[in-house]
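Participant: any chance you could fold what I've pasted below:
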Amino acid sequence: MSDNQNLLAEQRRALILEEVRRRGGARVNELTRKLSVSDMTVRRDLDALARQGALEKVHGGAVPVAEASTHEPGFEAKSSLELSAKEDIARAAATMAQPGSAIALSGGTTTFALARHLLDVPNLTVVTNSVRVADVFHAAQRSGGQGPGNRAGAATVVLTGGVRTPSDSLVGSVADAAIRSLHFDALFLGVHGISAEAGLSTPNLAEAETNRHFVGSARRVIVVADHTKWGTVGLSSFASLDQVDTLVTDGGLPSEARAEMQERLPELVVAGEQEAGAEESEEL
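Facilitator: Residues are numbered from 1 along each chain as shown. Reported below is the predicted structural model:
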């Protein structure tokens, strides 16, 4: 390889690293468009950067590693990752919300996906500390409940208030006081990380405290987390696995993690696989 080609590769990798750090993550297809190079070239660059310890490869892209326990990607960066898995999880979790019940949704991109599916569940009272989740219901109500969420107007939405985080969640004393005063039939909880040892964790100390109050106010705790969250440990743990009633995840969860969760939790739901099994049964 010529010196000029080496220089081009170094420049390209510097741009990739800058993009990953600036946005909190980037997908391969986004980088190919931005750099006007092939998918294979970007993957080779990501491999090289990962070997240097400059970033961490994830399915379909890369995320920063410099501040593993405290780094908190922004909402936009996280929303572009694991889209198919999050949609499968949201669809499965929505079936667990009973009409007329009082539910809570924490912040996160998976609960944001879930909110769109909950528009079809009538007479819900939804308490959330997520600006994005509240916007889903408010937008549907403003549009007159047209489309898939034609019963959205029946939902009562309570936004907790508080201090906004990079992931567009509201935390702090105002949010905590609101949540402590309420009781939920079910909590749908997004997480930064989940592991057998650390339980549920987040890099944001204030968000950890708010999530503790969510867990303490719920009769049933349903964690919605794609497989990339397994083994990730944030700065602060806010709940143990013993406090989780149901984990809804996707088929990418490693077999050893499945075995661990099946042993530790009352219910493990693997979205996508469950739906495929139901379709096969109907065909038979």
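
Participant: drop to CA atoms for contacts and neighbour counts, all remaining ones
Facilitator: OK.

Participant: skipping its backbone neighbours, what lies nearest the most centrally placed residue in the chain in space?
Facilitator: Central residue of the chain (CA atoms, centre = their mean): residue 110, 3.8 Å from the mean position. Closest residue to residue 110 apart from its sequence neighbours, by CA to CA, 6 or more residues apart in numbering: residue 86 at 5.5 Å.

Participant: and the pLDDT at that neighbour?
Facilitator: With respect to pLDDT, residue 86 scores 92.

Participant: coming back round to it: and the residue nearest to the centre of the chain, that one's in a helix?
Facilitator: Yes - according to DSSP: H, G, I helix; E, B strand; the rest coil, residue 110 belongs to a helix.

Participant: verify the contact between it and residue 90 for me.
Facilitator: Yes - at 6.7 Å, residue 110 counts as touching residue 90 under the criterion of CA atoms under 8 Å.

Participant: overlap in contacts, those two.
Facilitator: residue 224 (CA atoms under 8 Å, 6 or more residues apart in numbering).

Participant: helix or strand next in line after the helix or strand encompassing residue 178, which one?
Facilitator: Secondary structure from DSSP states H and E places residue 178 in helix 173-180. Toward the C-terminus, helix 173-180 is succeeded by strand 186-190 as the next helix or strand (DSSP H and E).

Participant: from the contact counts, what lies against that following strand?
Facilitator: In terms of contacts (3 or more CA pairs under 8 Å, 6 or more residues apart in numbering; DSSP states H and E), strand 186-190 is packed against strand 102-105, helix 109-118, strand 221-224.

Participant: contact partners of the next helix-or-strand element following that strand?
Facilitator: The helix or strand immediately downstream of strand 186-190 is strand 193-195, counting by DSSP H and E. Residues outside strand 193-195 that contact it (CA under 8 Å, 6+ apart) are 199, 200, 201, 202, 229, 230, 231, 232, 233, 234.

Participant: just the residues you listed now: which is nearest residue 161?
Facilitator: Sorting these by distance to residue 161 puts residue 202 at the head of the list, at 19.6 Å, by CA to CA.

Participant: the closest one reaches residue 190, doesn't it?
Facilitator: No - using CA under 8 Å, residue 202 is not in contact with residue 190, being 9.9 Å away.

Participant: quick one: secondary structure of residue 270?
Facilitator: Residue 270 is classified as strand under three-state DSSP.

Participant: neighbours around it, how many?
Facilitator: As a burial measure, residue 270 scores 21 neighbours (other CA atoms under 10 Å).

Participant: quick one: it from residue 174, how far?
Facilitator: Per CA to CA, to the nearest Å, residue 270 is found 35 Å from residue 174.

Participant: again with residue 10
Facilitator: Per CA to CA, residue 10 is found 48 Å from residue 174.

Participant: same question, residue 48
Facilitator: With CA to CA as the criterion, residue 48 and residue 174 are 45 Å apart.

Participant: and if you look at residue 124?
Facilitator: Residue 124 is 23 Å from residue 174, by CA to CA.

Participant: list the contacts for residue 13?
Facilitator: Counted by CA under 8 Å, 6+ apart, residue 13 has contacts 45, 46, 49.

Participant: the residues you listed in helices, which ones?
Facilitator: The helices, defined by DSSP state H, take in 45, 46, 49 from the contacts of residue 13.

Participant: now distance to residue 100 and pLDDT too, for those residues, in JSON lines please.
Facilitator: Converted to JSON lines, the ones in helices among the contacts of residue 13 look like this (distance: CA to CA, whole Å; pLDDT from 0 to 100):
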{"residue": "45", "distance to residue 100": "51", "pLDDT": "92"}
{"residue": "46", "distance to residue 100": "48", "pLDDT": "93"}
{"residue": "49", "distance to residue 100": "50", "pLDDT": "86"}
